[in-house]
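J.: Quick check, what structure comes out for this input:
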Amino acid sequence: MTDVSEPSLRLSFDETRTKVVFRACDDGQAHLVRLIARYGSGSQRGALTAEVDLEEFLAQLPLLRHWHDPAGVAFEPDLKSLAEGSVRDAQAVEARLSAHPQGSEVAGEVSASEVPELLGDSWAAPLTSFQARDVAKLLTLTHGANFSVPGAGKTRTALAVYAALRHAGKVRRLLVVSPKSAYEAWTDEAVQCFTKAPAVRVFKHHPENDAEILLVNYERLSRHQSQLADWLTAAPAMMVLDEAHRMKLGVRGAYGASCMALGPLARHRLILTGTPAPNGAKDLESLLSFVWPGHGRRAVDRAVAGGDLSHASRVLRPLFTRTTKGELQLPPVDIRVRYVNLPEAHRRLYSALRNQLTGLQDREQEQFARLGKVLVYLMMASTNPALLASGSDKHEPLPFHVPPLRPADGLPLQELMRDLPRYETSPKYEAVLQTVVDNARAGRKTLVWSTFVRNLTTLAGPLGALRPAVVHGGTADRDEQIRRFRNDPDCMVLLSNPATLGEGISLHHVCHDAIYVDRDFAAGRYLQSLDRIHRLGLAAGTETRVTVLIAQGTIDDVVHERLGRKLEFMGQILDDPLVRQLADPEEDLTPWGMDASDLRALMNHLSTC
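T.: The predicted structure follows:
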């Protein structure tokens, strides 16, 4: 007979904090087997030990009633606290969804007019009407999600939520998980938003003791999870996931697993992303599972059942805030397409490459579709085939000869490709140089985008008189380069790629011109890059001009047509208060943002001579 003074079942976290370990007393083996069989994720670790995924455990707490000795179940303190909070969260979620599924106000909710008082005397920054509305809703929720479009000021909204919770004595510190590119925005906003700026620190090897706001990138989470867990539990904390779509895989991904383990340690959880459901409802499940472990996924499952993502979004509307593109009331963007013609040698090389790839598509189509090699080769060739030269360094500028030489008759294509800069200047390069110089003469700075680093380093040479700033993945002094572009009146051009600078940075106060040397099929990434110079805070009447370069008769035509279709769809989504399927800046189903229709268009380009 079991000693009544001893628990018959002990429950605790495993080492990853993503599973719950069940430990039965000596005579509880049979009872444990029967209980664990009720959990879909349950598995035996030993005769008297088993484990269950934390999310399912929290969603199925009533199953513990089936233990033969319910009074003998003992929780580890941290797990007990999480379970009790989960029950309260579940009740709050259910009450909110059932009481007002369309998001109408009910008694007891925070109103936008109350927000200024709730922020306390330490708050110094103005809020727009839609930011105040979103703050009010997020304060009403125990935890929440802000799915506002890029450029809507989600960072300031999150800091306002933190300020209100700090003023109420509910939290004392803030952990922000974000891309490195967003560090500057959080640091600058903290200075602008508070009368006395809180200590903002970037996590490197360990948390600094004086940090009130700690910034860490997604890549560091798994390596330093225990240190971050200690920091979160040392004082009541709020945890924010910025660009939260990066953990859309949930526990199936490295980022998501760490976020799911750390999230329950925070008193308040908030996610920020303008692209919450890039690939459908499954992404939304993972995000809301972080916000409400054990119940977010179940809420999405029920909302999606029998309907589509739009229907689910309508049902789930009470659980998130969303500011649309139209609500920002920004001056329009003037997007101009500039077509260029390829010179003779360039055209020969592009045609030869396309013919060569056409021969490969039958036997290697699956591999090329997976790796995106065809697209990359053609994108390079549409700008400058010399980018493809064997053995070339991706950072080394291409050597141009001024004036250009005449190639010898019958020169082999491989040599022609390698030495093309000696014979011809890329028409796209010429267009960039002309546009940037003309803008500089008019006192306008220019942001130049290209997927390929070698384009950036090559263009930096002839633009030297304009003191160009260059930022790519290998840039060591990235912050200094951005500072120069913003503050140095002689630095009139910034050369970068969307993968490095496409999110988290604001340039709209100093730059109103952008030019795209090339683009891929990722519509979300393209829109994010546009938002670097077209976002909240842009002065009324500001003229924002964007030039897209297209080499006629190349892959550029295909990309332009496909992006146009996607952007038309996404334009409707961005001005829809609901959340629907939206392309992801870090799209990973296929490389370079390709979907099935893009792949068909690419293959058609290869087969059309």
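J.: for the closest residue to residue 353 other than its chain neighbours, phi and psi?
T.: Nearest residue to residue 353, sequence neighbours excluded (Cβ to Cβ, 6 or more residues apart in numbering): residue 381, at 5.1 Å. C-beta coordinates here come from the backbone N, C-alpha and C atoms, glycine included. When read as degrees, to the nearest 10, the backbone of residue 381 gives phi -70, psi -30.
J.: One more: residue 270?
T.: According to degrees, to the nearest 10, residue 270 has phi -140, psi 140.
J.: can you count the residues close to it?
T.: Residue 270 is flanked by 27 other residues according to other Cβ atoms under 10 Å.
J.: tell me the contacts of the residue nearest to residue 353?
T.: 349-350, 353-354, 387-388, 554-555 (Cβ atoms under 8 Å, 6 or more residues apart in numbering).
J.: Next step: those restricted to strands.
T.: Among the contacts of residue 381, DSSP state E puts none in strands.
J.: residue ranges of the helices in the stretch 1-150 of the chain, please?
T.: Shown for the stretch 1-150 of the chain, the helices assigned by DSSP state H, counting those that start in this stretch span residues 29-36, 54-59, 77-99, 115-119, 129-140.
J.: Buried residues, the shortest one. List them.
T.: By neighbour count, and taking 16 or more other Cβ atoms under 10 Å as the criterion, the buried residues in helix 115-119 are 115, 118-119.
J.: Who are the packing partners of it?
T.: If you count contacts as 3 or more Cβ pairs under 8 Å, 6 or more residues apart in numbering; DSSP states H and E, helix 115-119 packs onto helix 129-140, helix 154-167.
J.: now the last one
T.: Applying 3+ Cβ pairs under 8 Å, 6+ apart, one finds that helix 129-140 makes contact with helix 115-119, strand 144-146, helix 154-167, strand 320-321.
J.: List the buried residues in that helix.
T.: 130-140.
J.: which residues sit against it?
T.: Helix 129-140 has contacts (Cβ under 8 Å, 6+ apart) with 108-112, 114-116, 118, 127, 144, 146, 148, 152-153, 156-157, 160-161, 164-165, 270, 321, 323, 327.
J.: Just the mean pLDDT for it, thanks.
T.: What helix 129-140 shows for mean pLDDT is 95.
J.: With only the CA atoms kept, save it in CSV.
T.: Extracted in CSV, the C-alpha atoms of helix 129-140 (Å, rounded to 0.1, in the frame of the first residue of the first chain):
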residue,chain,number,x,y,z
SER,A,129,-4.6,56.2,-32.8
PHE,A,130,-4.1,52.7,-34.1
GLN,A,131,-1.1,52.1,-31.9
ALA,A,132,-3.2,53.1,-28.8
ARG,A,133,-6.0,50.9,-30.0
ASP,A,134,-3.6,47.9,-30.3
VAL,A,135,-1.9,48.6,-26.9
ALA,A,136,-5.3,48.6,-25.3
LYS,A,137,-6.3,45.3,-26.7
LEU,A,138,-2.9,43.7,-25.9
LEU,A,139,-3.2,44.9,-22.3
THR,A,140,-6.7,43.4,-22.1
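J.: what's the spacing between that helix and its chain's center?
T.: 22 Å (Cα atoms, centre = their mean, to the nearest Å).
J.: Offset the numbering so it begins at 122, please.
T.: Fine by me, first position is 122 from now on; the one you just mentioned is helix 250-261.
J.: got the angle between that helix and helix 198-220?
T.: Counting by axes from the mean of the first three to the mean of the last three Cα atoms, to 10 degrees, helix 250-261 lies at 120 degrees to helix 198-220.
J.: Now residue 285. Nearest residue, chain neighbours left out?
T.: Leaving aside its sequence neighbours, residue 285 sits nearest to residue 239 (Cβ to Cβ, 6+ apart; 4.4 Å).
J.: Please verify my assumption that that neighbour contacts residue 283.
T.: No: using Cβ atoms under 8 Å as the test, residue 239 is too far from residue 283 to be in contact (11.7 Å).
J.: Report the contact partners of residue 239.
T.: Contact analysis of residue 239 by Cβ under 8 Å, 6+ apart lists 231, 260, 285, 288-289.
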